[in-house]
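Student: let me see the structure of the following:
(2 chains)
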2 protein chains.
Amino acid sequence: MQRIPAGFLPPVAMDVGSDTPMYQQLSDWFRRAISSGQLRPGQRVPSTRSLASELGISRIPVLGAYEQLQSEGFLETFTGAGTCVARAIPSDMTIERKRQIRVEPVASAGGSRRTSQRAKLLRQPEPTWLANMGAFRVGVPALDAFPSALWSRLVSRHARHLSPETMGYGDPMGHLPLREAIAEYLGAARAVRCDASQVLITTGSQQGLQICAHVLLDAGERVWMEDPGYPGAHQALRTAGAELVPVPVDAEGIDVAHGARVGADARAVYISPSHQFPLGMAMSASRRMQLLRWAASHDAWIIEDDYDSEYRFGSPPLSSLQGTDTNDRVIYLGTFSKVMFPALRLGYLVVPKDLVADFHAGRDAIDTFSSMLYQSVMTEFIRDGHFARHIRSMRTLYMEKRAAVHDAIRRYIGDRLEVIGTEAGMQLAGYLPPGVDDVAVSRKAATVGVSVRPLTPCYLASPKRAGLILGYGGVSPEQIDEGVRKLSQCL
Amino acid sequence: MQRIPAGFLPPVAMDVGSDTPMYQQLSDWFRRAISSGQLRPGQRVPSTRSLASELGISRIPVLGAYEQLQSEGFLETFTGAGTCVARAIPSDMTIERKRQIRVEPVASAGGSRRTSQRAKLLRQPEPTWLANMGAFRVGVPALDAFPSALWSRLVSRHARHLSPETMGYGDPMGHLPLREAIAEYLGAARAVRCDASQVLITTGSQQGLQICAHVLLDAGERVWMEDPGYPGAHQALRTAGAELVPVPVDAEGIDVAHGARVGADARAVYISPSHQFPLGMAMSASRRMQLLRWAASHDAWIIEDDYDSEYRFGSPPLSSLQGTDTNDRVIYLGTFSKVMFPALRLGYLVVPKDLVADFHAGRDAIDTFSSMLYQSVMTEFIRDGHFARHIRSMRTLYMEKRAAVHDAIRRYIGDRLEVIGTEAGMQLAGYLPPGVDDVAVSRKAATVGVSVRPLTPCYLASPKRAGLILGYGGVSPEQIDEGVRKLSQCL
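Tutor: The predicted model follows:
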């Protein structure tokens, strides 16, 4: 056994003022000294008495640390021979030599450590300069108009009835009464044809997309993606390793004939037919039929994202594509983030009956199940009619807000922003004149406190058309007027 | 334009007693008749008057349905020529012809419709005969001993303070005060070295694993997996397309030398070093050092699953591998499902600093962020000392329960079940004698109301050793005695 004087022990840094107990600071230090090779297997360590005196501390924490390190196998004690670093620990010398051979090529790869290719794709950021800004943040509803007091009362009441049943593991498909309420709501409001067995509760549309991507697609398989389209869907599909096939959209929605030419081998299609993200048009009946038939004849799936279809102004609501499909090719995706509030973290999928088992397994593998409390509160909120009432009052509110934005654009900006899309939803898109850089406009607007999303980052392919997306859900009339006025100065 | 008498209209099925309004039943029927080709583009439909009289209903719902179908583009009207199916809709005839050519090869693939290869892997079921059974369900804590009244009070209080800030979109990394509280707790209790910037809030360990898999691995890349190991980890890693490399475990934990031989090219290692799932041993100090060095020299990541390390009986708690690692190779995975309750849906990852941006993007792509209410309640629960107090009282409780299970096994089963693993956690594993079929035992036990998980489904490779896993967290002393007695009759 190698004998070295206690003085050769590397310096032990102890922080007497720390919340971490002394014995733990000491055992941490030993573990890391052994791990890093500063202390070698078989090397003798000072006696508890001499270490305590050297550090100027009581012997009790040193005894505690040694005991712990022995029970963990870092130190071993021999009667009469004192304590040493366990000899079973592999010698660091051999490792150091290996490392010189092996680590080099890795370290040369740009200096940073290797994560997955998909992690690199996912890093493509949302416009970070818009983080958490007010007018015109996209996707945020009128939270000040939400019946918070009522909701809080329901939450309190349900929180009082915690039971082992509601605290334990739940059904991956979700709380059955909520699934029943959703099936009924979707049947009445969106002409979705389903029963509760087909409804899967998610934490929102992002997770819904994620589950779709994993259940329907293997790595490298192709998906049609509306172009421009929803960046969240790009992310979800890329995470699953899918290859995105950009398919242009025009005034009738996705160009199915184009898709059929460039993506005949695609396994799935992602669309937002009621209110296209970001341009805002509704998909025409003729295109809907084309797409349903293409999917049926090519064994492909359609992911229908119906993210804010509850709100249509002036014209009757469009029925879902799912309800028109006679071949059970559509997976319907919905969320409560827009009609309720984002932090609720509840959404849903409606899946064809023969896919229920696969989606059940996919949900279980991805995230087990959804938190119970909000599921039961949401069920009551729907059952008691609060949900329908809230949607109705928000529809009027958003119609007014949209009109106010439109009006302010006409007054302050005029034809420098060509408003497009139908009268629906919580956001409005417009094209900028040719040659204008929408990212630069968005950055400039952010400096004066206005949040507008540029259109070009929503494109996968060229030509990209510059434009802006303005969310008006969470914006007050005064903010609308002031925001558009400030925006006009950035153009 | 094709003119056909109204009598040729396929039969319209109306349900007068239904909750769905008549106009909507009618428009649904038309859409589907057009979609399925029963009604052809250009085909004339009856006038509203004649259809109403034919169906014996008022003309109002027929007018409503036609108006809706026209606004959606399914029907078109010509002055003087009546109403017909929109001619812009692609003719079904051409599609039908195409379908005959194209659909055949697809339909021949076994009759069922195509989902992903990974969906097939994920379908490998948990032992479904154990669903929601009492003694000895694995992974369920003592929910009856949870301070529910206190928790409900906290939830009610926090639910009263809904604000647009807490209702809107939150930070993908999680609520900062909770991340701070977790960093402090892990530093003190598990010797994890981190600050709040490295803590990512998840919905539980399954989502944590999912994020790790997607950020660290591309499809087809290899991961060491303890064998036998945690089936939830198999699922998560397979979802991401990873290839699992089974590495045997012995009394010291994962056999690193074996792993280095068969999986030298692996990108990551999944381990549960504090309390191996399912066998229950702790990883030795020597193996820990071997693994840390192997990972550092091979540019591989270590996913440390510390799922129930809070509970150790008799010996001091083992420190985490993360705290011993001097190369920042460990991603530490924890959950509140075992120490609090599963339906809380809160867990966490601790990631190396240089990986924070990638994990942030991965969390955002997979599921945006976690629900706010429980995050803020949990923060207060930790800050006010309830969490530490609850863990302490559960430790005593589980120690007693474990002793009771052990004792009952000795009395009723004897050497027909060889108990293994250390004195820790909420479950206990034992080997059955050679030749006994553990799945058959588990199925038989389920018929008498006893839930024991068979060991062999936790293996990826042979030889598999038959055994049983008994969870005792949520089981009362009476259930323990009766359950083990019943189990002995199944052996």
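Student: okay, CA-based contacts and neighbour counts for the rest of this
Tutor: Will do.
Student: please enumerate the strands of the stretch 101-250 of chain A.
Tutor: A:199-202, A:222-227, A:243-250 (DSSP state E, counting those that start in this stretch).
Student: who does the first one pair up with?
Tutor: Strands that pair with strand A:199-202, judged by DSSP bridges, come out as strand A:347-350 (antiparallel).
Student: off-centre distance for the strand it pairs with?
Tutor: Strand A:347-350 has its C-alpha centroid displaced from the chain centroid by 15 Å (CA atoms, centre = their mean, to the nearest Å).
Student: contacting residues around it?
Tutor: Contact with strand A:347-350 is made by A:194, A:198-205, A:208, A:331-337, as judged by CA atoms under 8 Å, 6 or more residues apart in numbering or on different chains.
Student: repeat that with 6 Å
Tutor: By CA atoms under 6 Å, 6 or more residues apart in numbering or on different chains, the surrounding residues in contact with strand A:347-350 are A:198-205, A:331-336.
Student: separation between A:Met399 and B:Asn327?
Tutor: Noted for A:Met399: a distance of 56 Å to B:Asn327, by CA to CA, to the nearest Å.
Student: out of these two, which sits in the busier spot?
Tutor: Between A:Met399 and B:Asn327, counted using other CA atoms under 10 Å in any protein chain shown, A:Met399 has the larger neighbour count: 20 against 15.
Student: outside of the helix or strand hosting that one itself, which residues are in contact with it?
Tutor: Using DSSP states H and E, A:Met399 falls within helix A:386-408. Outside helix A:386-408, the residues that touch it by CA under 6 Å, 6+ apart are A:311, A:381, A:481.
Student: put the buried members of those into a PyMOL selection.
Tutor: Buried residues among those (16 or more other CA atoms under 10 Å in any protein chain shown), as a PyMOL selection:
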select buried, chain A and resi 311+381+481
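Student: tell me the gap between the helix holding A:Met399 and the middle of its chain.
Tutor: So, by CA atoms, centre = their mean, the centroid of helix A:386-408 is 27 Å from its chain's centroid.
Student: rewinding a little: let's see which of the contacts of helix A:386-408 end up in helices.
Tutor: Judged by DSSP state H, helices contain the following of the contacts of helix A:386-408: A:381, A:481.
Student: what's the closest of the contacts of helix A:386-408 to B:Thr447?
Tutor: Nearest to B:Thr447, judged by CA to CA, of the contacts of helix A:386-408 is A:Phe381 at 39.3 Å.
Student: sorry, back to before: so which of the strands of the stretch 101-250 of chain A comes closest to B:Ala52?
Tutor: Each of the strands of the stretch 101-250 of chain A has some distance to B:Ala52 by CA to CA; the shortest is strand A:199-202, at 34.6 Å.
Student: residues contacting the closest one, please?
Tutor: Contacts of strand A:199-202 with the rest of the structure, by CA under 6 Å, 6+ apart, involve A:173-174, A:179, A:208, A:346-350.
Student: widest-spaced pair of these?
Tutor: The most widely separated members of the contacts of strand A:199-202 are A:Arg179 and A:Gly208, with 14.7 Å between them, by CA to CA.
Student: neighbour count: these two, which is higher?
Tutor: Taking other CA under 10 Å, A:Arg179 and A:Gly208 do not tie; A:Gly208 has more neighbours (29 against 24).
Student: where does the stretch 351-491 of chain A come near chain B, residue by residue?
Tutor: Proximity of the stretch 351-491 of chain A to chain B, by CA under 6 Å from any CA of the partner chain, involves residues A:358, A:361, A:365-367, A:371-372.
Student: want to throw the contacts of helix A:386-408 into JSON lines with pLDDT?
Tutor: Output for those, formatted as JSON lines (pLDDT from 0 to 100):
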{"residue": "A:Tyr311", "pLDDT": "88"}
{"residue": "A:Phe381", "pLDDT": "96"}
{"residue": "A:Asp481", "pLDDT": "95"}
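Student: closest to B:Cys490 out of the contacts of helix A:386-408?
Tutor: A:Phe381 (47.3 Å).
Student: what sits against A:Leu344?
Tutor: A:Leu344 makes contact with B:Ser371, according to CA under 6 Å, 6+ apart.
Student: how about a cut-off of 7 Å?
Tutor: Going by CA atoms under 7 Å, 6 or more residues apart in numbering or on different chains, A:Leu344 touches A:337, B:371.
Student: and the pLDDT at it?
Tutor: Looking at A:Leu344, its pLDDT is 94.
Student: A:Ser315 too?
Tutor: Model confidence at A:Ser315, expressed as pLDDT, equals 70.
Student: skip the chain neighbours and tell me the closest residue to it.
Tutor: B:Ser71 (7.6 Å; CA to CA, 6 or more residues apart in numbering or on different chains).
Student: need the contacts of strand A:347-350 in JSON lines (columns: pLDDT, neighbour count and distance to A:Val439).
Tutor: Below are the contacts of strand A:347-350 laid out as JSON lines (pLDDT from 0 to 100; neighbours: other CA atoms under 10 Å in any protein chain shown; distance: CA to CA, whole Å):
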{"residue": "A:Gln198", "pLDDT": "98", "neighbour count": "25", "distance to A:Val439": "41"}
{"residue": "A:Val199", "pLDDT": "98", "neighbour count": "26", "distance to A:Val439": "39"}
{"residue": "A:Leu200", "pLDDT": "98", "neighbour count": "27", "distance to A:Val439": "38"}
{"residue": "A:Ile201", "pLDDT": "98", "neighbour count": "28", "distance to A:Val439": "36"}
{"residue": "A:Thr202", "pLDDT": "97", "neighbour count": "28", "distance to A:Val439": "33"}
{"residue": "A:Thr203", "pLDDT": "96", "neighbour count": "27", "distance to A:Val439": "31"}
{"residue": "A:Gly204", "pLDDT": "95", "neighbour count": "25", "distance to A:Val439": "28"}
{"residue": "A:Ser205", "pLDDT": "94", "neighbour count": "28", "distance to A:Val439": "26"}
{"residue": "A:Ile331", "pLDDT": "98", "neighbour count": "22", "distance to A:Val439": "34"}
{"residue": "A:Tyr332", "pLDDT": "98", "neighbour count": "23", "distance to A:Val439": "32"}
{"residue": "A:Leu333", "pLDDT": "97", "neighbour count": "26", "distance to A:Val439": "30"}
{"residue": "A:Gly334", "pLDDT": "96", "neighbour count": "25", "distance to A:Val439": "29"}
{"residue": "A:Thr335", "pLDDT": "96", "neighbour count": "26", "distance to A:Val439": "28"}
{"residue": "A:Phe336", "pLDDT": "96", "neighbour count": "20", "distance to A:Val439": "30"}
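Student: could I get those as a markdown table with distance to B:Phe146?
Tutor: Converted to a markdown table, the contacts of strand A:347-350 look like this (distance: CA to CA, whole Å):
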| residue | distance to B:Phe146 |
| --- | --- |
| A:Gln198 | 34 |
| A:Val199 | 32 |
| A:Leu200 | 29 |
| A:Ile201 | 27 |
| A:Thr202 | 27 |
| A:Thr203 | 25 |
| A:Gly204 | 29 |
| A:Ser205 | 33 |
| A:Ile331 | 40 |
| A:Tyr332 | 38 |
| A:Leu333 | 36 |
| A:Gly334 | 35 |
| A:Thr335 | 32 |
| A:Phe336 | 31 |
